[in-house]
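Undergrad: next input, structure requested:
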Amino acid sequence: MKIKLKHLCSDTDRHGNLRFYVRVPGQKKIRLGAAPTTEEFYEAYRRAIGERDALDPSGKIKAGSFRALVAKYVSSTKFKSLDGSTQSWQRRTLEDICTAYGHCLVETMKGKHVRAIRNEKIDAGLPAAGNQRLKAMRAMFRWGVEEEECETNPTIGVQKHGYQTDGHHQWTDEQMAQYRAFYPLGTKQRVAIDLVSYTSCRREDVVRIGPQHRRNGRLVYRQAKNEHRNPIDLDIPVHPKLAESLDAFTSDHLIWSLSGASHSLSKASATGSKSGAAPRACPIAARCTASASTRRASSPKRARHRTRLVR
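TA: All right, here's what the predicted structure looks like:
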């Protein structure tokens, strides 16, 4: 049985290879790289059709479409006031939705459509990504209603998908010892793991802390999370083992966890390990593995205060 796909065309190159494209009259064609009998081919086709249908004949974004609302949202003052990391994941998530649903008219969207967009990721075994889609759309439609860019908010009443995971792997004491044996005192990898272990700070903080934050035997710094909306300053004691690690490390920079190119390490690679060390160091794993006594001695209590001081 033959299936005719809208705007699909093909040609043959000089080597005799058959090439497929999505071509809308008056617009540039989009090459589909996968073989036509594969699921990847139909996924690429759906993305291409979604991108094309979101444009009018002149190549401009169609007014009233989901993509048009996304474009207005990411250009808004509200969006630009968000933390950089929040802007990044929201933009990335909304653009991902646009590949298949950018052509949809916002005025016709209902809760069932939002659930379908969320469930697309859940059915693919990515429940967290599905909830992230819902979270991004909630923020955008909330802004859209307030700014009168759309009439209704279709995300109202749509709930997050509940699921259970095993969480992040928590390193054993043997793995922590193996990592420290591979990276001795005086290395930046050792400083990074000790900062996480003896302060329980977030990985986005460990790549920003430096000598200027160490004052009179304490670490004083501002958390990166929500620093532009609800800033929280931390003042915690320096654990003796952390002090030993910091004293053994020599650096002329303002960030302890600095890469060889004089750039701050990414928050995902701050404690990256090499072959022969413990399993690849995850800052979250090290943070979870910090002993209870260490947390009581040097970690701030989770209270809703602008400044947190731990004796």
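
Undergrad: how is this protein divided into domains?
TA: Following automatic domain parsing, the chain resolves into domains at 8-146, 173-309.

Undergrad: now these in a markdown table, with mean pLDDT?
TA: Output for those, formatted as a markdown table (pLDDT from 0 to 100):
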| stretch | mean pLDDT |
| --- | --- |
| domain 8-146 | 85 |
| domain 173-309 | 73 |
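
Undergrad: can you say which of these is nearest to residue 164?
TA: domain 8-146 (9.4 Å; C-beta to C-beta). No exception for glycine: its C-beta is placed from N, CA and C like everyone else's.

Undergrad: okay, how far is it across the closest one, tip to tip?
TA: 40 Å (C-alpha to C-alpha, to the nearest Å).

Undergrad: chain center to it: distance?
TA: 18 Å (C-alpha atoms, centre = their mean, to the nearest Å).

Undergrad: that older thread, would TSV of the domains of the chain with distance to residue 161 and mean neighbour count be doable?
TA: Shown next, in TSV, are the domains of the chain (distance: least, C-beta to C-beta, whole Å; neighbours: other C-beta atoms under 10 Å):
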stretch	distance to residue 161	mean neighbour count
domain 8-146	5	16
domain 173-309	22	17
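
Undergrad: where along this structure do the helices fall?
TA: Here the chain has its helices, by DSSP state H, at 39-53, 66-74, 77-80, 84-101, 111-123, 127-146, 173-182, 188-199, 203-206, 240-248, 283-289, 292-298.

Undergrad: now these in a markdown table, with distance to residue 9?
TA: Shown next, in a markdown table, are these (distance: least, C-beta to C-beta, whole Å):
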| stretch | distance to residue 9 |
| --- | --- |
| helix 39-53 | 12 |
| helix 66-74 | 24 |
| helix 77-80 | 38 |
| helix 84-101 | 20 |
| helix 111-123 | 27 |
| helix 127-146 | 32 |
| helix 173-182 | 55 |
| helix 188-199 | 53 |
| helix 203-206 | 47 |
| helix 240-248 | 63 |
| helix 283-289 | 48 |
| helix 292-298 | 62 |
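
Undergrad: any idea which of the ones you listed gets closest to residue 153?
TA: Closest among these, using C-beta to C-beta: helix 127-146, at 4.3 Å.

Undergrad: who does the closest one touch, helix- and strand-wise?
TA: helix 66-74, helix 84-101, helix 111-123 (3 or more C-beta pairs under 8 Å, 6 or more residues apart in numbering; DSSP states H and E).

Undergrad: out of the ones you listed, which gets nearest to residue 199?
TA: Between the helices and strands packed on helix 127-146, helix 84-101 lies closest to residue 199; by C-beta to C-beta that is 20.1 Å.

Undergrad: now the closest one and helix 111-123, what's the angle there?
TA: 100 degrees (axes from the mean of the first three to the mean of the last three C-alpha atoms, to 10 degrees).

Undergrad: ok, for the one residue sitting closest to the centre of the chain, nearest residue in space, not its chain neighbours?
TA: Nearest residue to the geometric centre of the chain (C-alpha atoms, centre = their mean): residue 89, 4.8 Å. Leaving aside its sequence neighbours, residue 89 sits nearest to residue 132 (C-beta to C-beta, 6 or more residues apart in numbering; 7.0 Å).

Undergrad: if I look at the one you found, how far off is residue 256?
TA: The gap separating residue 132 from residue 256 is 31 Å, by C-beta to C-beta, to the nearest Å.

Undergrad: how about CSV for the domains of the chain, with distance to residue 165 added?
TA: Listed next are the domains of the chain as CSV, based on distance: least, C-beta to C-beta, whole Å:
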stretch, distance to residue 165
domain 8-146, 8
domain 173-309, 13
